[in-house]
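[1] Curious how this folds, go ahead:
(one chain, ligands or ions: 3)
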Amino acid sequence: MHVGERFVSAPGKAILHGEHAVVHGKVALAVSLNLRTYLRLQGTASGQICIHLPNIDTFRAWDVAALQPLVSDRKGGTSLVERLRAFAGVAEGSTDSGNMAVLAFLYLYLSGFAGAQTLPSMSVRVWSELPTGAGLGSSAAYTVCLSAALLSSWHVLCFSWSEEELTLINKWAFQGEKIIHGNPSGVDNAVATWGGILRYHAGKITPLSRVPLLRILLTNTKVPRSTKLLVSGVKDKINKFPSIMVPVLESVDAVSRTCELTLREMATAGASAQQYDTLEELMDINQHHLSVMGVGHPALDTLCRLTLAHGLHSKLTGAGGGGCGITLLRPGNTTHPHHTPVLHTSSVRSAGISEHTSLSLNAALCDDISISLSLSLSLSLSTQC
Ligand SMILES: Nc1ncnc2c1ncn2[C@@H]1O[C@H](COP(=O)(O)OP(=O)(O)O)[C@@H](O)[C@H]1O
Ligand SMILES: C[C@@](O)(CCOP(=O)(O)O)CC(=O)O
Ligand SMILES: [Mg+2]
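    Ligands and ions are numbered 1, 2, ... in the order given. Just a heads-up that it's a prediction; the model follows:
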């Protein structure tokens, strides 16, 4: 079997409210970023599968013939993931970047071509503008790219993706996220697939059609962390202290809902200073809740403290434990001239197809808190009213 060439890309995301709580069935609000992950797939006649992941310094190659026996379960009773772990020598519970990325790739590749008489040989390269493991959904952008490219090369999809096909891309990407995250909610792969700003609740994806223009500063603390470990730490805490943690999750849910309502009112009747006060208080409340869940970090505390000294309010975004924080800017705050609000098309894309038009955060990512503040790098969060 021979496959042609594919080129796809998918955006990262920022979570405004609801990270972690969303894993436990609560509401989250998330928005896609103008920072993307790109994938090029080329069919070859080399008899090999090669994957090149420059962001995480990983290059692996296998003979197709060595992978073929993994397709069917000859040993009986083992899952494809278990067979792949044994094949690739990856221990259960490993959080190594390269191992996780390779397992997710092999899983999607073998699942997709399981029905083919022979596995196709190919070379896949994935690169990204997103920092890896910093809370901006790089894992989901990676698995959405894999899913979209592989589904296209299975000839399941044509080039112009319908809603049904995007749903299929999202579904397979979720399987890949499971390998990287352990227990993902699905919000990240939904945003990477559809783009725009959306509400995610227990698997239900609702695009928000009316929200105001907001400007948000994004700061990378550069403290490395693993979403998988943080998500499982929160679960342990809920199991240990259910009567304490369940109300915290309920409160985060109420924060997301109140934020959604406030954004809708701002879009309808115009933004007032009181509504900005509300958005800022919601960020403070949520940041404290996330610290209670055990996913704070001294670097994130520093971000909150330094921005507050400038009258600005911040919270972590994504899994926390380091990674990125978001800071809400008021209309009067100065912005960097190169980062004025811009409308961005953002969803999973295939070269040459018409894109789904939605708006996203125009991300200006800053790696240094003090530089970030002095430049007042701005992001624009906007969607159509
Ligand atoms: N560009 C990429 N190339 C290869 N693997 C990637 C890439 N981006 C993300 N990943 C995979 O996703 C993991 C990071 O996921 P995660 O801990 O959820 O952080 P994030 O907040 O960036 O999603 C990496 O360790 C790697 O396995
Ligand atoms: C913590 C969580 O809510 C978001 C994780 O995002 P990220 O992998 O840190 O970008 C987990 C999830 O929703 O699957
Ligand atoms: Mg992730």
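
[2] Can you show me the strands along the stretch 1-150 of the chain?
    For the stretch 1-150 of the chain, strands defined by DSSP state E, counting those that start in this stretch occupy the ranges 6-17, 28-43, 48-53, 58-63, 122-128.

[3] In this structure residue 28 contacts residue 20, no?
    No: using Cβ atoms under 8 Å as the test, residue 28 is too far from residue 20 to be in contact (9.0 Å). Yep, even glycine has a C-beta here, placed from its N, CA and C like the rest.

[4] mind checking how far the nearest residue to residue 178 once chain neighbours are set aside is from residue 330?
    In space, residue 178 comes closest to residue 184 once its chain neighbours are excluded; the distance is 6.2 Å by Cβ to Cβ, 6 or more residues apart in numbering. Distance of residue 184 to residue 330, given as Cβ to Cβ, to the nearest Å: 33 Å.

[5] and those two? which has more neighbours close in?
    Each of residue 184 and residue 330 has its neighbours counted (other Cβ atoms under 10 Å); residue 184 has more, 24 against 16.

[6] one step back: so residue 28 and residue 20 - more neighbours on which side?
    Between residue 28 and residue 20, counted using other Cβ under 10 Å, the more crowded position is residue 20 (30 against 26).

[7] Quick one: residues contacting the residue lying closest to that one once chain neighbours are set aside.
    For residue 20, ignoring the flanking residues on the chain, the nearest one in space by Cβ to Cβ, 6+ apart is residue 234 at 5.0 Å. The contact partners of residue 234, by Cβ atoms under 8 Å, 6 or more residues apart in numbering, come to 20, 23, 293, 294, 295.

[8] pLDDT at the one residue in the chain that gets nearest to ligand 3, what is it?
    Nearest residue of the chain to ligand 3: residue 139, at 3.3 Å (Cβ to the ion). In this model, residue 139 is scored at 98, pLDDT.

[9] what's the helix or strand for the closest residue to residue 325 other than its chain neighbours?
    Spatial nearest neighbour of residue 325, excluding adjacent residues (Cβ to Cβ, 6+ apart): residue 303 at 4.5 Å. Assigned by DSSP states H and E, residue 303 belongs to helix 298-309.

[10] Tell me which residues touch the closest residue to the residue of the chain closest to ligand 3 other than its chain neighbours, please.
    The shortest distance from residue 139 to any non-neighbouring residue, by Cβ to Cβ, 6+ apart, is to residue 180 (4.5 Å). Contact analysis of residue 180 by Cβ under 8 Å, 6+ apart lists 100, 101, 104, 139, 142, 143, 227, 228.

[11] mind running it again at 10 Å?
    Contacts here follow Cβ atoms under 10 Å, 6 or more residues apart in numbering; on that basis residue 180 touches 95, 97, 99-101, 103-104, 138-140, 142-143, 226-228.

[12] Touching both of residue 28 and residue 20, which residues are there?
    185, 252.

[13] What is the burial count for residue 242?
    Neighbours of residue 242 under the rule other Cβ under 10 Å: 10.

[14] in stretch 254-266, what's buried?
    255, 256, 257, 258, 259, 260, 262, 263, 265, 266 (16 or more other Cβ atoms under 10 Å).

[15] Residue 326 is in contact with residue 14, isn't it?
    Yes: between residue 326 and residue 14 there is a contact under Cβ atoms under 10 Å: 5.8 Å.

[16] what does the stretch 251-385 of the chain have sitting close to ligand 2?
    Contact residues, the stretch 251-385 of the chain versus ligand 2 (Cβ under 6 Å from any ligand atom): 318, 319.

[17] Just give the closest residue to the residue of the stretch 251-385 of the chain found nearest ligand 2, not the sequence neighbours.
    Scanning the stretch 251-385 of the chain for proximity to ligand 2 using Cβ to the nearest ligand atom identifies residue 318 as nearest, at 3.0 Å. In space, and not counting its chain neighbours, residue 318 is closest to residue 135: 2.4 Å by Cβ to Cβ, 6+ apart.

[18] Please consider this matter closed, and thank you.
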